[in-house]
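Provide a 3D model corresponding to the input given below.
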Amino acid sequence: MSILNRNGEQEDSILSYKLTKGFFNRKSLKKLIAGFLCVAVLASMNVAAPTNTEAALKLNVKTAYVFKEHTFKIKLGSVNGTKVTWGVSNPFTGSVSKDGTFTPKGYGMTFVTAKYKSKTYKCKVIVPDTNRSMSLNKKKVTLFETKSYKLKVYATEKIKFHSRNTHIATVTSKGKIKAKNPGKTTIVAKKGGASATCTVKVKSLGEKKIKTPAWLNDRAKVAVRKYNSQWHPTFGRIIKRKGQTINLGLANVRANTVKKVVWSSSNTAVATVKEKGKTTATADLLTIGRTKVSAVVFYNSGKNEVLTNTIDVNNPQVNTKVINCFTKTGGSNRYQYVYFTGLSEYNKVKYKISNKKCVKATVYNNKVRLLGKKKGHGTITATVQGKTYKINYYVVTPKFGSIIGVLAKGNTTKIKIGGIGKIQPVFTSRDTTKCTVALDGTITGRGSGVTYVDVKIGTMTYSYRVEVAATGIKTIIKRAKYIVNNWSYSQGNRMADGYYDCSALVWKGYKAYKNYHAKLGSTKYALPAAYLFDYLRAKGQIAYFGYTKMDDLRPGDLFFYGDYNSAVRYSQPGRTLNIYHVAMYAGNGYVVEKGTPRFTYNSLDHIVGVGRVVY
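Okay, here's the model as predicted:
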């Protein structure tokens, strides 16, 4: 016996509930025994007991992005798709065939439903507008230092990539991420006014334990040695900088017993070897890398042997001479790094940090991660291969001022940043068709829509979201806000002064600027929500069928809500998409309703269309 909960979902049977909870009494035990006897009788009659196979079924995907000119097949477990009854909540976004294949029609969102036996399954399908939006195959990536990952972009045009902290990870023009230092950063992909991000977490390789061969610790067995200008030997592995010429000699080999010695390098691009004396040579160190030096010794006695050693050629270079550290604001971008390039794996850097009250230092292998604690400065002293490097650090506390949330086209707002001393911030607009930004941080609205202004301070980037309204829209929104917060709601008197309903609110708001209400189908009365949707759809002014994301919206856009149950209560069932409500987007995530709430107050899943009247 099964029961349905208030959501129409099948719940555990009463019997299984008692089994799992252990609620047994004499009466329930009799029922339990009777149930087992029933199953036994069915089995003896070769009649299969019913099984609840539906409970294990699920769609192969919960949310799918399907681009125009593509199709996507949705599957319900192993059930043959033709045995399923398929449907879509928003036919303007796309259609689904009898076997579950979804075909896009318009940009936006819809729900694909799959009805099988007594249960309905639902999948959200988004058809992104590649002219306004884009997405990446990964939103989060975790890599170890030195490792790479190639991003894939779901868009049609050439993409531009950048990393918000190149100390942690870099990215090529083709989307290849290269992990550099431990921490987190964000990779941004841009295409026109659209952008998408991927968070990259880089893990440290940890202290790499390098096992030195035993023979390198035995002076008697290190046959090929490096000698200084006074011909004093160095035992063990040879590690020297590129561009040098070093002396080589053979240990425990007497020159008067040798007929000749043939010297060679396994990698002549790294180092070349030339004979100098009977048992000596010179090596020119050309570039960073490793080579094996061999000396084939031919003795007077007729015996010969091969003696070897390894040369590691390095060129230690510190990445910076001055570093700015940050406190409080900036997230993982606050982490700054001091590290060396051109090291051999056998190099070890020793660090000393002064004034530790100002900065927290964490050593990873041969690099240091710095996090500012309080305003001040100090010095980092690094020693490697006998040479000392000094890096000055300064700790600052940036204070980022706020900007106007919704900027009117042609108007300006200014980014003000304090607490950074003499550091000169660099401002960049991701889409100059939406807004431009001057050297002093002044933002000017250029075209309606959303973009971001990135502020780079040293290696840290802080971003401002900029939302620009089309001409007249801020006046329209202001009027609509006044009406909804001061007038009375009445469907019967909606067109009279002092009253409104949802569609009349939109219409009266648009009337406030140059009679823009004429763009809504009539200068005399407000079309009901569903009829307004039909009117805008006929004019090609439904920007999205359904809802995609906030950054796709523009102030003044109209949300159309559709749902059969709500239509029965508020409107007339049978109207287009059962639309029962229309609301105006106020910008910055808010909607024009009483109290100006966030637009999530009414389920986003019920948004069947976004109308755009003014561009």
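
pLDDT weak spots in the stretch 1-150 of the chain?
Within the stretch 1-150 of the chain, the ranges that satisfy pLDDT under 70 run 1-55, 130-133.

so where do the helices sit in it?
With helices called from DSSP state H, counting those that start in this stretch, the stretch 1-150 of the chain shows them at 14-21, 26-44.

give me the low-pLDDT residue ranges for the stretch 501-615 of the chain?
601-602.

repeat that for 80
For the stretch 501-615 of the chain, applying pLDDT under 80 flags the ranges 548, 564-573, 599-603.

And the strands in it, which stretches?
Secondary structure of the stretch 501-615 of the chain (DSSP state E, counting those that start in this stretch): strands at 542-544, 558-562, 579-587, 590-592, 607-611.

what would those look like in TSV with mean neighbour count and distance to residue 504?
C-beta here means a position set from N, CA and C on the backbone, and glycine is covered the same way. Output for the strands of the stretch 501-615 of the chain, formatted as TSV (neighbours: other C-beta atoms under 10 Å; distance: least, C-beta to C-beta, whole Å):
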stretch	mean neighbour count	distance to residue 504
strand 542-544	25	20
strand 558-562	26	13
strand 579-587	25	10
strand 590-592	22	12
strand 607-611	26	16
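
I'd like to know which of those lies nearest to residue 408.
Proximity to residue 408, assessed across the strands of the stretch 501-615 of the chain by C-beta to C-beta, is greatest for strand 579-587 (10.2 Å).

Paired strands for that closest one, with orientation please.
Next to strand 579-587 in the sheet, as set by DSSP bridges, lie strand 558-562 (antiparallel), strand 590-592 (antiparallel).

And these: which comes nearest residue 76?
Going by C-beta to C-beta, the one of those nearest residue 76 is strand 558-562, 25.1 Å.

how distant is that closest one from the center of its chain?
Distance of strand 558-562 from the chain centroid (C-alpha atoms, centre = their mean, to the nearest Å) equals 29 Å.

Give me the contacts around that strand.
The contact list for strand 558-562 (C-beta atoms under 8 Å, 6 or more residues apart in numbering) reads 90, 506, 529-530, 532-533, 536, 547, 576-585, 591, 599, 602, 606-613.

May I have it as PDB, with CA atoms only?
Output of strand 558-562 as PDB, limited to C-alpha atoms (Å, rounded to 0.1, in the frame of the first residue of the first chain):
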ATOM      1  CA  LEU A 558       9.100  43.300 -17.900                       C
ATOM      2  CA  PHE A 559       8.800  40.000 -16.100                       C
ATOM      3  CA  PHE A 560       5.800  37.900 -17.200                       C
ATOM      4  CA  TYR A 561       4.800  35.200 -14.700                       C
ATOM      5  CA  GLY A 562       2.800  32.100 -15.900                       C
END
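
which residues are in contact with stretch 103-110?
Residues contacting stretch 103-110 (C-beta under 8 Å, 6+ apart): 66-71, 88-97, 124-129, 542-548, 607, 609-610.

which among these end up buried?
By the neighbour-count criterion of 16 or more other C-beta atoms under 10 Å, the contacts of stretch 103-110 include these buried positions: 66-67, 88-96, 124-129, 542-548, 607, 609-610.

how deep is residue 322 tucked in, by neighbour count?
Other residues near residue 322 number 10, with proximity taken as other C-beta atoms under 10 Å.

give the contact list for it.
391, 392, 393, 394.

And the second one, which helix or strand is it part of?
Yep, that's residue 392 we're talking about. Per DSSP states H and E: residue 392 is located in strand 387-396.

Quick one: mean pLDDT over the next helix or strand after that strand.
As assigned by DSSP H and E, the chain's next helix or strand after strand 387-396 is strand 399-400. Average pLDDT, strand 399-400: 90.

repeat for stretch 267-279
95.

quick one, phi/psi of the closest residue to residue 501 other than its chain neighbours?
The shortest distance from residue 501 to any non-neighbouring residue, by C-beta to C-beta, 6 or more residues apart in numbering, is to residue 494 (4.2 Å). Backbone torsions for residue 494, taken as degrees, to the nearest 10, come to phi -60, psi -30.

quick one: residue 494 and residue 508 touch, right?
No: using C-beta atoms under 8 Å, residue 494 makes no contact with residue 508, being 9.2 Å away.
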